[in-house]
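A.B. asks: Would you be able to build a 3D model of this:
(2 chains)
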Amino acid sequence: EAQVTQNPRYLITVTGKKLTVTCSQNMNHEYMSWYRQDPGLGLRQIYYSMNVEVTDKGDVPEGYKVSRKEKRNFPLILESPSPNQTSLYFCASSQQGPGYYEQYFGPGTRLTVT
Amino acid sequence: AQKVTQAQTEISVVEKEDVTLDCVYETRDTTYYLFWYKQPPSGELVFLIRRNSFDEQNEISGRYSWNFQKSTSSFNFTITASQVVDSAVYFCALTSDNYGQNFVFGPGTRLSVLP
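C.D. replies: Residues are numbered from 1 along each chain as shown, chains lettered A, B, ... in the order given. Coordinates of the predicted model:
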């Protein structure tokens, strides 16, 4: 089944404790992206990647890191999480750029930073 | 910068009513792409439609229809004869070639369809 998976689905952590949210797709998509969703703000793009070893900042990259060492994986790293990073996070992928192809979204990861 | 505005934060209708969700976008590019996504209470994001800037034809898919007007920078979404299952948050989104592949969502409109 074609899908985007994220792990964990739920995470509660404390300020400053490094964490990684994994994202994997099995559709051989070139484009992958991370978003955060906050009430009243919709989804905002954090980082995106056009292909392996190619990443770029979205609208809200501060406090996040990403890497794209393999085509299928695009982990989101919070090196020193803070309470303002409490949010719902979505990973997405598309065959190429999202203008031309539909984005497929993962199920979301709800992160709480205390 | 690119921007998507959805001025309606929440809308409530009674089942079988028609409802229109507004979307206004801003971009300096001549080639851009507009989208609508649905997020039901279960939380997943469901793709509804993609439209490029060169195609101003309105589209109808069952009870759903979309009206794209470049003159007013709007891409509105109408649900005809709404049903309870249409209750969800609906997002309008924009991307364009000249902004790399940066993807911008509007804040969303929460639609509640009451039985």
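A.B. asks: got a pLDDT number for residue 87?
C.D. replies: I went with chain A, as the question did not name one. pLDDT recorded at A:S87 is 98.
A.B. asks: You answered for a different chain; I wanted chain B.
C.D. replies: What the model reports as pLDDT for B:S87 is 98.
A.B. asks: Would you confirm that it contacts B:P40?
C.D. replies: Yes. B:S87 lies in contact with B:P40 (C-beta atoms under 8 Å); the separation is 7.4 Å. All C-beta atoms are positioned from the backbone trio N, CA, C, and that covers glycine.
A.B. asks: Those two: which is more packed in?
C.D. replies: Using other C-beta atoms under 10 Å in any protein chain shown, the more surrounded residue of B:S87 and B:P40 is B:S87, with 17 against 13.
A.B. asks: Okay, and the beta partners of the closest residue to the more buried one other than its chain neighbours?
C.D. replies: Distances taken as C-beta to C-beta, 6 or more residues apart in numbering or on different chains place B:V113 nearest to B:S87, at 4.9 Å, with adjacent residues excluded. The partner list for B:V113 in beta bridges (DSSP bridges) reads B:V13.
A.B. asks: what's the distance between the most centrally placed residue in chain A and chain B?
C.D. replies: For chain A, the residue nearest the mean C-alpha position is A:W34 (2.9 Å; C-alpha atoms, centre = their mean). Distance of A:W34 to chain B, given as C-beta to the nearest C-beta, to the nearest Å: 11 Å.
A.B. asks: Report the contact partners of B:K38.
C.D. replies: B:45-46, B:48, B:88-91 (C-beta atoms under 8 Å, 6 or more residues apart in numbering or on different chains).
A.B. asks: go on, A:T22?
C.D. replies: By C-beta under 8 Å, 6+ apart, the contact set of A:T22 is A:5-7, A:73, A:75.
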